[in-house]
Structure formats: structure tokens, C-alpha cells
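> What follows is a protein structure lacking sequence information:
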């Protein structure tokens, strides 16, 4: 019962580098989400997907890209990392989009 | 745009005391209201979900109420225990399958 698996757990990037945060779920959920959580702030939605091949922007999509080629995987791509992208990133999935959310344990990213 | 606020940002109580956590939202046209728990360094765990047509929801020592007209939800935790120490976040759900989160209330239960 893995649930939602995020890798890596920690990463330090230099300004201008790129990386992909991986997210995989084994519950056959159609809905998947990427959030970022900054200190003292609520989670902000970056991108979401309602099924394989379908993605859409959330509240803070600038500087990020996603793809959803399979139901299981929803990677988040950071291009040209900036210090403002220092945050904790959470991936989540839901069977219907309105309840039953399962969150991954997060990726702590620092851009220096 | 939905704004969700949780006040206070932190509170500390002695073991056994009842906890009252507040959540307010600006747009009363919510689809549902959800409460989550977050332990340090971990992801979020779903606690309770209240549909927009409901007034409250209960699970064990947890009870959540919803008053859409005043834009408020309250999470009650009865007879708090040290294991209840965590950050509690509320989130309003919209009919386009997105959640708007508050910043959370960090609770410390002193033994």
C-alpha cells in the first residue's frame, strides 16, 4: 500500500539548473495535483490533472511544467530554477477530485 | 478568489483540554470543507470532510462544523492528548475539483 510516492525527498539546486520532481500513485486515481508550501503559508496549487493526457494550470504555475502520460505518474519539471522556488512540494491524488485526497510526504527543495 | 484564514497560527494547551480550531473563508459558495492534519516533515492526512449541504461531521474525538452563511468552520478535538500535537489545515473545495488551503494552526498538547 504505497499510496503516493515522491522522489527525491530533499534536493539542493543552483540558480538556473533544472530538475524533475517525481510523483507516482498506485491507487488508480484519476485526479492528481502538485502543491507548494512556503513557511507560514497555505498550500498553493501549481498544476493539476483530471486524467492521463489532461493537465491544467493552478494558482502559481509560472516556472513549472507537468505531463501526465499515464494514470500513475505526474512529474513536475522546474526549468531555470530561481530562489523563489525554494519550497516544500507536495503531490496528491484523489479518486474523484472532491474527496479522498492522499498526499505524498513531500520534496524539500532549496535553490541557491 | 477564495481566501481561507486560520487564526490563531499556533496554540498550546495542557493534556485533557478540549481544542477549538477556527477556519474562515470568504466565498460561501463552497463545494465542501475539509480538515487535514500535518505532522512535521510529513504529508497531509485527511481528517474530516463536510459537504456543503451538511452542518457537521464527526469521527471519534473529532467534530467539525460548517456555517456557510458566516463563512466559518470549526474543528473540535475532545480531551486532547500529546499525540494530537500537529498542524491542522482546513481547505475549501470548489466544484472544479480544487482545494484552497488555510495556512494552518500548529497545536502543541503539553503532557
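Ah, there it is. Being a predicted model, the structure only gives us computed values, none of them experimental.
> quick one, what contacts the spatially closest residue to residue B:54 that is not a sequence neighbour?
Once flanking residues are discounted, residue B:54 sits nearest to residue B:66: 6.4 Å by CB to CB, 6 or more residues apart in numbering or on different chains. C-betas here are computed from N, CA, C, even on glycine. With contacts taken as CB atoms under 8 Å, 6 or more residues apart in numbering or on different chains, residue B:66 has the following neighbours: B:33, B:50, B:52, B:54, B:55, B:56, B:72, B:73.
> what about burial for those residues, which qualify?
Members of those that pass the buried threshold by neighbour count (16 or more other CB atoms under 10 Å in any protein chain shown) are listed as B:33, B:50, B:72, B:73.
> out of those residues, what pair is the most spread apart?
Spatial extent of the buried ones among the contacts of residue B:66 (CB to CB) is set by the pair B:50 and B:72 at 11.6 Å.
> In chain B, what residue comes closest to chain A?
Among the residues of chain B, residue B:97 lies closest to chain A, at 3.1 Å counting by CB to the nearest CB.
> any idea how far that residue is from residue A:86?
If you measure residue B:97 against residue A:86 using CB to CB, to the nearest Å, the figure is 28 Å.
> quick revisit: backbone dihedrals for the residue nearest to residue B:54, please?
phi -140, psi 130 (degrees, to the nearest 10).
> That one and residue B:107: what is the separation?
Counting by CB to CB, the gap between residue B:66 and residue B:107 amounts to 20 Å.
> who's in contact with residue A:106?
A:6, A:9, A:37, A:88, A:89, A:90, B:41, B:42, B:43.
> 10 Å instead?
Each residue near residue A:106 by CB atoms under 10 Å, 6 or more residues apart in numbering or on different chains is listed here: A:6, A:9-10, A:21, A:35-37, A:87-91, B:38, B:41-44.
> How about the residues of chain B by chain A?
The interface of chain B toward chain A, taken as CB under 10 Å from any CB of the partner chain, is made up of B:1, B:3-6, B:9, B:31-32, B:34, B:36, B:38-39, B:41-46, B:49, B:51, B:89-91, B:93-104, B:106.
> Now intersect those residues with the strands, please.
Assigned to strands by DSSP state E, the following of the residues of chain B next to chain A qualify: B:4-5, B:32, B:34, B:36, B:38, B:44-46, B:49, B:51, B:89-91, B:93, B:99-101, B:106.
> Pick out the residue of chain A closest to chain B.
Closest to chain B within chain A is residue A:97: 3.1 Å, counting by CB to the nearest CB.
> Around that residue, count how many other residues there are.
23 (other CB atoms under 10 Å in any protein chain shown).
> sorry, back to before: and the contacts of residue A:106, which of them are buried?
With burial judged by 16+ other CB under 10 Å, the buried subset of these is A:6, A:21, A:35-37, A:87-91, B:38, B:43-44.
> Can I get those in a markdown table including pLDDT, secondary structure and distance to residue A:54?
Converted to a markdown table, the buried ones among the contacts of residue A:106 look like this (pLDDT from 0 to 100; DSSP: H, G, I helix; E, B strand; the rest coil; distance: CB to CB, whole Å):
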| residue | pLDDT | secondary structure | distance to residue A:54 |
| --- | --- | --- | --- |
| A:6 | 97 | strand | 21 |
| A:21 | 98 | strand | 19 |
| A:35 | 98 | strand | 18 |
| A:36 | 98 | strand | 21 |
| A:37 | 96 | strand | 25 |
| A:87 | 97 | strand | 25 |
| A:88 | 97 | strand | 26 |
| A:89 | 98 | strand | 21 |
| A:90 | 97 | strand | 20 |
| A:91 | 98 | strand | 16 |
| B:38 | 96 | strand | 28 |
| B:43 | 91 | coil | 24 |
| B:44 | 94 | strand | 24 |
